[in-house]
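Student: Pasted the sequence and its predicted model underneath.
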Amino acid sequence: MRDTPPTETGRSLLRTTLISALGGVFEFYDFVIFAVFAPQIGAAFFPPEAGESAQTLRAFLVFAVGYLARPIGGLLWAHVADRRGRAYVFSHTVIGMAIATMAIALLPGYQTLGDAAPVLLVLLRLLQGMTLGGELPASLCWLAEHAGDRKKGLATATLMAGVNSGMLLGQSVAAALTFALGEQAMASWGWRLAFVLGSVVGIVAWAVRRHVGETREFARLQQNGLIERTPLKTLLRTSRREALRAACLCAVHAWVVATLYLALPSYLHEMTGMPLQQAERIALTSSAIGSLLYLAAGFAADFTSAARVCRFALLLLALLAIPAYLFTDSAGWWPLTAIGAVGGVFIGGYLGILPSLFAANVRSSGLALGYDGAFAVVGGLGPFLMLWLSKNCGPIAVGAVTAALAVIAIVALPRDGAQSRA
C-alpha cells in the first residue's frame, strides 16, 4: 500500500472541491442542453422537407455522437494528465467545452449553409464529447488526490452532484427562457441564448481553474522520475483487471443516469400514458434526490467503508429492480424513483473507490478507460435499450438488466480496505 502524501485540510479542500464541482456543473450543462433543445436544433440544422419528427431524431443522433467521442477524448486527455499533470487537463477541458458551445450558438443553420450546417454541427459535438471525456476522469483524479483517503468520498460525491446539477440547470434554463421569450422565439433564435450563457460561464470557470495547483501525489511522481511515457500501454500491461473492475462499476452509474434520470420521462410517458410534462417533473425530482443522496453516501463512505455502502446499495438495487419495473404500470412513478434513489446511494459511494483502483502513474488513463468506456456504451445505448426491451420483452426485462448490472458490480467491488494501489 502506498504512502499517502499530505493532503489539503479545511478551507483549502473546500475551495478545491467547489472549484471542481462548479466547473462540472457548467461543463455538463453545456453538454446536455443539446438534448434539451433537440427539436429546435433539428429544425435549425436539418432540411425542413424531412419533417419535424425526422429533424428531431437527427438532432438526437448528433447528441449521441458526443457520447461516442467521450472515450476517445478521455484517453487522449488522460495521456496528457498522466504525463503533464491533472491540473493542466483540469484547466484546459473547460475552455474547450466553452469554445465548442459558443460555436454551436453562433453556427448558421441549414437555410444559410445547406448541407455544411449539419456536418459542422457534428464536428462541434465531437469536440464537446472529447472535452467532457477528459474533464470527468481528470477531475476525479485531481480531487481524490487532493482530498486523500479519508476525505475523498464526500469530495468526489460533491463533484458528481455538481455534474448532475448541470443537467437540472439545463432543464431549468430552458423552462425560464421559454417562459420569458415564448415558444416561437425559442424555436427561431432563443435556444441559442442557452448555449451563449453556458459558454460565458465556462470561460469564467476557466479563469478560476487556470490558477489551480498540481496535486502533491503527481508532484511526487515527477520528483522521483516515475512519469510513464505511454501510460495507457502500461495500464493495459499491469492493470487490466482493475480497468475491468472500474468499467463494471461505472456501467451501473451510466445505466442509472441514462434510464432512471435522463430517459425516465419518455419511459413513463410511453409505458403508463403519463402526460409528458408530469413525467418530466418527476424525472427532475428523481435526479435532484439522487444528487442529495450522492452527498450523503459520500459522507457515509468516509466514515464507514465505501465498499460497504456500495454493496448495500447494489444488493437493494438487484432485489428491487424487477419488482419496480413490473409494478410501474399499476403503481405509477414511485417504484422507479425509489430505485433511482438507491442508485444515487451507489454512485455517491463508489466514486471514491475508482481512483484508488489504479496506481498514480496510470490513474487518469485507468479512470478514462473505465468511466468513459462505460458511459459511451451503456450510457449512450441505455435509453434506446430501455424502451426497446419494454416494448418487445416487457418491463420485467429492463428490471432484469438493471439487476444483472448490479450483481456484476457486487462481484467487481474490491474488498474492504483493499482499494488502494501501490
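Tutor: Thanks, I have it.

Student: Enumerate every residue touching Ala263.
Tutor: Ala263 makes contact with Gly382, Pro383, Met386, Leu387 under the criterion C-beta atoms under 8 Å, 6 or more residues apart in numbering. In short, each C-beta sits where N, CA and C put it, glycine included.

Student: So the second one is in contact with Leu262, correct?
Tutor: Yes: with contacts defined as C-beta atoms under 8 Å, Pro383 counts as touching Leu262 at a distance of 6.4 Å.

Student: Would you map out the domains in this protein?
Tutor: Residue ranges of the domains in the chain are recorded as 1-227, 233-414, according to automatic domain parsing.

Student: any idea of the mean pLDDT for the helix or strand harbouring Leu61?
Tutor: Taking DSSP states H and E as the definition, Leu61 sits inside helix 52-84. Mean pLDDT, computed over helix 52-84, is 86.

Student: for stretch 150-157, same thing?
Tutor: Per-residue confidence for stretch 150-157 averages out to 86 on the pLDDT scale.

Student: now do stretch 112-123
Tutor: For stretch 112-123, the mean confidence score works out to 94.

Student: In three-state terms, how would Pro414 be classified?
Tutor: coil (DSSP: H, G, I helix; E, B strand; the rest coil).

Student: Burial check on it, number of neighbours?
Tutor: Each residue near Pro414 was counted by other C-beta atoms under 10 Å, and the total is 18.

Student: got the contact list for it?
Tutor: With contacts defined as C-beta under 8 Å, 6+ apart, Pro414 is in contact with Arg245, Ala307, Ile353, Ser356, Leu357.

Student: what residues are up against the closest residue to Lys151 other than its chain neighbours?
Tutor: Closest residue in space to Lys151, ignoring its immediate chain neighbours: Asp302 at 6.0 Å, by C-beta to C-beta, 6 or more residues apart in numbering. If you count contacts by C-beta under 8 Å, 6+ apart, Asp302 has them with Arg150, Lys151, Lys152, Gly153, Leu154, Gly352.

Student: how close does Asp302 get to Ala246?
Tutor: Asp302 is 20 Å from Ala246, where distance means C-beta to C-beta, to the nearest Å.

Student: now do Leu106
Tutor: Applying C-beta to C-beta, the value for Leu106 to Ala246 is 38 Å.

Student: hang on, the earlier thing: mind giving me the ChimeraX command for buried ones among the contacts of Asp302?
Tutor: Of the contacts of Asp302, the buried ones can be selected in ChimeraX as follows, counting by 16 or more other C-beta atoms under 10 Å:
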select :151,152,153,154,352
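
Student: follow-up on the earlier one: which of Leu106 and Ala246 has more neighbours?
Tutor: Remark: of Leu106 and Ala246, Ala246 carries more neighbours, 26 against 11, as counted by other C-beta under 10 Å.

Student: Over to Gly24: give its phi and psi.
Tutor: Comment: the main-chain dihedrals of Gly24 come out as phi -60, psi -40, following degrees, to the nearest 10.

Student: right, and Leu76 touches Ala138 too?
Tutor: No: checked against C-beta under 8 Å, the pair Leu76 and Ala138 is beyond contact range at 11.3 Å.

Student: More neighbours: these two, which one.
Tutor: Ala138 (30 against 16).

Student: wait, what's in contact with that one?
Tutor: Ala138 is in contact with Trp77, Ala78, Ala81, Arg86, Val89, Phe90, Thr93, Ser364, counting by C-beta under 8 Å, 6+ apart.

Student: Also Ile347?
Tutor: Counting by C-beta under 8 Å, 6+ apart, Ile347 touches Ala157, Met160, His253, Val256, Val257, Gly290, Tyr294, Ala297.

Student: Next up, identify which helix or strand it is on.
Tutor: Of the helices and strands defined by DSSP H and E, Ile347 is found in helix 334-350.

Student: If you count neighbours, what's buried in that helix?
Tutor: Buried residues in helix 334-350, counting neighbours by 16+ other C-beta under 10 Å, are found at 335-350.

Student: which one of the residues you listed is nearest Leu126?
Tutor: In terms of C-beta to C-beta, no member of these lies closer to Leu126 than Ile347, at 26.7 Å.

Student: where's Phe90, which helix or strand?
Tutor: helix 86-106.

Student: Would you indicate which residues of that helix are buried?
Tutor: Applying a neighbour-count criterion of 16+ other C-beta under 10 Å, one finds 86-105 buried in helix 86-106.

Student: Equivalent analysis for stretch 397-413, please.
Tutor: When burial is assessed from 16+ other C-beta under 10 Å, stretch 397-413 yields the following buried residues: 397-403, 405-406, 408-410, 412-413.

Student: Give me the contacts around it.
Tutor: Defining contact as C-beta under 8 Å, 6+ apart, one finds that stretch 397-413 is touched by 244-245, 248-249, 251-252, 255, 259, 307, 310-311, 314-315, 317-319, 321-326, 339, 346, 353, 378, 385-386, 389-390.

Student: so of those, which ones are in helices?
Tutor: For the contacts of stretch 397-413, the ones inside helices are 244-245, 248-249, 251-252, 255, 307, 310-311, 314-315, 317-319, 321-326, 339, 346, 353, 385-386, 389-390, with DSSP state H as the criterion.

Student: Mark which of the residues you listed are buried, thanks.
Tutor: Under a neighbour-count criterion of 16+ other C-beta under 10 Å, the subset of the ones in helices among the contacts of stretch 397-413 counted as buried comprises 245, 248-249, 251-252, 255, 307, 310-311, 314, 317-318, 321-322, 324-326, 339, 346, 353, 385-386, 389-390.
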